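K.L.:
Provided below are the primary sequence and the corresponding predicted coordinates.
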Amino acid sequence: MDLYYLGFINPWRKSVNNKERKRIKIINFIKNNTLGIEPANFNGAMFQSLKKESNNKFKHVQVNHFNKEKLLRIALIGNPNTGKTTLFNRLTGSSQCVGNWPGVTVERKEGIVRAGGLQAKIIDLPGVYSLSPYSPEEIITRNFLLGSQADLILNIVDATNLERNLYLTTQLMETDIPLVIALNMADLLNYKGKIVDYCQLENELGLPVVSISAGKNAGINSLLERISDFENEDIKKNLKFYNSNIERKINKINEILKDFKKEFNNKRFIIIKILENDEYILRSLGLNFEILKRIQAIRDSSELMLLQDEIINSRHRFVGGIVRKTVQSTKKLKEISISRKIDKMVTGKYTAIPIFLGIVMLIFYITFGPIGSFFEKSTRSLIEDGINHAARVLLSQFNAGKTLSSLVEAVVSGLGEVISFLPQMMILFGFLAALEDSGYMVRAAFVMDKLLRKIGLSGRAFVPLLMGFGCSVPAIMSTRILENKREKNLSILLIPFMSCGAKMPVYLLFMNIFFVRNKALIIFLIYISGIIFSILTAVIFKKIILRGSRAPFIMELPDYKIPSLRNIYIQIWENLKDFLERAGTIILGSTVVIWFLQCVDLTLKFTSNSSKSLIAVIGSIISPIFLPCGFGNWKAAVALITGMISKESIVSTLAVVFSNSDIDLKTALNLTFTPASSISFIIFVLLYSPCMAAVSAVRKELKSTSKTLLVMGYCTGLAWIASTITYQILKLILVG
Amino acid sequence: MNLSELKMNKRAMVVDVVGERSIKCRMMEFGFVFGAELEVVKAAPLGDPIQVKLGENDFIIRKDDAKNIIVE
């Protein structure tokens, strides 16, 4: 039974008072007491209430033999761009799992570390600069810490950027949670002609400091040792940030809270937030009017604005002092850094936009050009000559019936068709990960901000939009970084038009039939048209979506770094895993369902004539809608319906309904589609209602079913109009 | 003078940060505090936002927001 997880026992808290100790003792007793013997020497009332409490909680808890009581919970916290993710991946290896924060949908990553005697769960918190309540990430991080969900904070600090990073550290120090500092990238600082004396830093902060290089996998073991040994550290936090005036006020508020018997953890942190007039904290404490009035009086004894400024200034002064004492210049700093030099071109007045387009086109060329096609062909031949062949041999060996053979054939061709485009999807994901890792994304935000502002967004929205080219689901989730609600809603509406990786197989399938020679160019144009439609949408909706509160546009410009292969590999692997999971469930499932519906007629009897099958009937009801778009046949209609579940299913469904033993998919498609109708079909796929996973992400983020339905309806309506226009125009051009 | 009016490559010192509380606090937490030295490195290709060097760090900031930072 896992009492520790219920928040009953926290063996790593040193400062447990007697009452608490007794509580733990009783709980341990209840835990081990399987015979139901009433203890004589325990306080009766306390025992009864705890027993009741634990019995209620235990009802829903599974017995778990894994020793979770030894599992230390470590919160990994740091500024953005400090190598936090790299460190997390280093520590947890492949044992990570991704979930959501309760109530909100910013990705929550957790992983298990097992090293020596240490068994710990690491929770990767969103990157933050501070613990003020001004951004969603800050609130998540703060609530996590204040909810005493962490036994230890692992604060990753970028050595090349000590001053900014330590500002966050000062606030972490004000909590009651033990803190270990991982000083990352100290080796990089040496290139800048500087050196950090981390022993001195340890003394100045009064915190354990371990110098590591997450990228080069150095110092990780010493870090783990220090973490597992943190209970025995005998250094004391240096909390002397504030002058006597502020300290006096802290004491006074402490007294008031004592008067009202308000007891809680992380007292110093909370008191300081009260002084900063942090309404979020004030509200969550549920203080009564009288306390608030007395607190107000203390704050008012100096000017409110000045007090807040003074607190922030004090932290900066404290940090500044430490940096001066611990960082020494070994040689004269080179005037212009490498990043500056690169930026001369990358964000230069005349070169920035050509470079941006160049990078995008290069990615396209590699993904869809000769290299990507080579991988696609290899995978395809592996599936067709290998697996498909093997399946046929096996089936004939075992004398399998006609039905089974046809099912196997359908599954192999359906899934195989999707999987053969997998290498190209992975290449694209790899590039997106590399771009993100290199620091280019922020430059792109810098360059594009003014353009995006014209459509009611900011440079910040650029990253989620670009991620949409990989997969809409994480892209939609990442809109949470947008503080402005209107910008967020607008981005969510636009992301589905950023053609996601799962739509790519559809394009490639048709390109390989109708436009073999200009494949890369036409696919590029398809992606561009997605962007054009999103701009159009933004212009339409800009006025309709209500204006949110204004958030300042200010971003840190990190130095460039060479993308780490390990991070790219992990990103690709995560996506691959996700894809395989879907292939095994949704895509396989929909393939089998489509196959079944194709095999039976209206009376559910098996039929060999697929045009009389149940699915043909269903498809025929819908297909007239698509007549103006040029693909008014039931097979295309069915594929589009399964595409509502997942976009990959479009290709697998096409493979099932079009191909049979007499004719292969390519030939069958060639007979049904024309170049013009294939393009209009692609345009429809590009724009119409997002897949199930994306729809649920939209629903979660917009927190409104009607708005979600509006998004789906708008996308599908736009898709119909756009593909009709495309078809009618192309028909004239391509025939003429 | 405010930061948006500062000429390119001219060094200046922050004297005050004004404006709405949430915006002001954000700026101050980034390090735009009294006495901090900064410099406008460049403007984006389309003229806005601007890149500002503050201490060891570079930031990009919209001119509208830069107006809240009073420099000397």
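P.N.:
Yep, that arrived.
K.L.:
all contacts plus neighbour counts: C-alpha atoms, from now on.
P.N.:
Noted.
K.L.:
Around chain B, which positions in the stretch 251-400 of chain A sit nearby?
P.N.:
A:309, A:312-313, A:316, A:347-350, A:352 (CA under 8 Å from any CA of the partner chain).
K.L.:
Mind giving me the PyMOL select for these, buried ones only?
P.N.:
Applying 16 or more other CA atoms under 10 Å in any protein chain shown to those, the buried members can be selected in PyMOL as follows:
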select buried, chain A and resi 309+312+313+316+347+348+349+352
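K.L.:
What lies in contact with stretch A:706-718?
P.N.:
A:493, A:684, A:687-690, A:695, A:698-699, A:702 (CA atoms under 8 Å, 6 or more residues apart in numbering or on different chains).
K.L.:
From these, list the buried ones, please.
P.N.:
A:493, A:684, A:687-690, A:695, A:698-699, A:702.
K.L.:
Now, those that are in helices?
P.N.:
The helices, defined by DSSP state H, take in A:493, A:684, A:687, A:695, A:698-699, A:702 from the buried ones among the contacts of stretch A:706-718.
K.L.:
Adding pLDDT and distance to chain B, write those residues out as TSV.
P.N.:
Shown next, in TSV, are these (pLDDT from 0 to 100; distance: CA to the nearest CA, whole Å):
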residue	pLDDT	distance to chain B
A:493	93	25
A:684	96	34
A:687	95	30
A:695	88	33
A:698	89	28
A:699	86	29
A:702	87	24
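K.L.:
And the furthest pair within these?
P.N.:
A:684 and A:702 (24.3 Å; CA to CA).
K.L.:
end-to-end on stretch A:142-157?
P.N.:
This stretch, stretch A:142-157, spans 18 Å end to end (CA to CA, to the nearest Å).
K.L.:
is any part of it close to chain B?
P.N.:
No: remark: stretch A:142-157 sits outside contact range of chain B, by CA under 8 Å from any CA, the gap being at least 14.5 Å.
K.L.:
And that stretch, what's buried?
P.N.:
A:142, A:144-146, A:148-157.
K.L.:
Now go through the residues you listed and say which are in strands.
P.N.:
A:152-157 (DSSP state E).
K.L.:
out of those residues, who's nearest chain B?
P.N.:
residue A:157 (14.5 Å; CA to the nearest CA).
K.L.:
Roughly how far does the closest residue to that closest one other than its chain neighbours sit from chain B?
P.N.:
Computed as CA to CA, 6 or more residues apart in numbering or on different chains, the closest residue to residue A:157 that is not its neighbour in sequence is residue A:183, at 4.9 Å. Taking CA to the nearest CA, to the nearest Å as the measure, residue A:183 falls 17 Å from chain B.
K.L.:
which ones are touching residue A:183?
P.N.:
A:156-159, A:209-213.
K.L.:
try residue A:441
P.N.:
Neighbouring residues of residue A:441 by CA under 8 Å, 6+ apart: A:435, A:463.
K.L.:
quick one: which helix or strand includes it?
P.N.:
Using DSSP states H and E, residue A:441 sits within helix A:440-454.
K.L.:
do the same with residue A:171
P.N.:
Using DSSP H and E, residue A:171 sits in helix A:162-173.
K.L.:
report the angle between the axes of that helix and strand A:152-158?
P.N.:
Relative orientation of helix A:162-173 versus strand A:152-158 (axes from the mean of the first three to the mean of the last three CA atoms, to 10 degrees): 170 degrees.
K.L.:
Can you spell out which helices and strands pack onto helix A:162-173?
P.N.:
For helix A:162-173, the elements it packs on are strand A:152-158, helix A:304-326, judged by 3 or more CA pairs under 8 Å, 6 or more residues apart in numbering or on different chains; DSSP states H and E.
K.L.:
Report the distance from stretch A:198-216 to the chain centre.
P.N.:
Relative to its chain's centre, stretch A:198-216 lies at 29 Å (CA atoms, centre = their mean, to the nearest Å).
K.L.:
Do a quick rundown of the strands in the chain.
P.N.:
In the absence of a named chain, this looks at chain A. Using DSSP E, strands in chain A cover A:71-78, A:96-100, A:107-115, A:118-124, A:152-158, A:179-184, A:194-196, A:209-212, A:327-329, A:554-557.
K.L.:
The intended chain is chain B.
P.N.:
Under DSSP E, chain B gives strands at B:11-17, B:37-43, B:50-54, B:57-61, B:69-71.
K.L.:
With mean neighbour count, distance to residue A:227 and mean pLDDT added, can I get those in CSV?
P.N.:
Formatted as CSV, the strands of chain B follow (neighbours: other CA atoms under 10 Å in any protein chain shown; distance: least, CA to CA, whole Å; pLDDT from 0 to 100):
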stretch, mean neighbour count, distance to residue A:227, mean pLDDT
strand B:11-17, 19, 40, 90
strand B:37-43, 21, 37, 91
strand B:50-54, 23, 34, 92
strand B:57-61, 21, 30, 89
strand B:69-71, 22, 41, 91
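K.L.:
Out of the ones you listed, which gets nearest to chain A?
P.N.:
strand B:57-61 (4.4 Å).
K.L.:
before we move on, back to that, could the ones in helices among the buried ones among the contacts of stretch A:706-718 go into CSV alongside distance to residue A:717?
P.N.:
CSV is the format used below for those (distance: CA to CA, whole Å):
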residue, distance to residue A:717
A:493, 14
A:684, 10
A:687, 9
A:695, 16
A:698, 18
A:699, 19
A:702, 20
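K.L.:
Just flag the most distant two among the contacts of residue A:183.
P.N.:
Longest span within the contacts of residue A:183, CA to CA: A:209 and A:213, 13.0 Å.
K.L.:
Of the contacts of residue A:183, which is the most crowded?
P.N.:
The residue in these with the most neighbours, by other CA atoms under 10 Å in any protein chain shown, is residue A:157 (29 neighbours).
K.L.:
Quick check: that one touching residue A:164?
P.N.:
No: contact criterion CA atoms under 8 Å: residue A:157 and residue A:164 do not qualify, at 9.1 Å.
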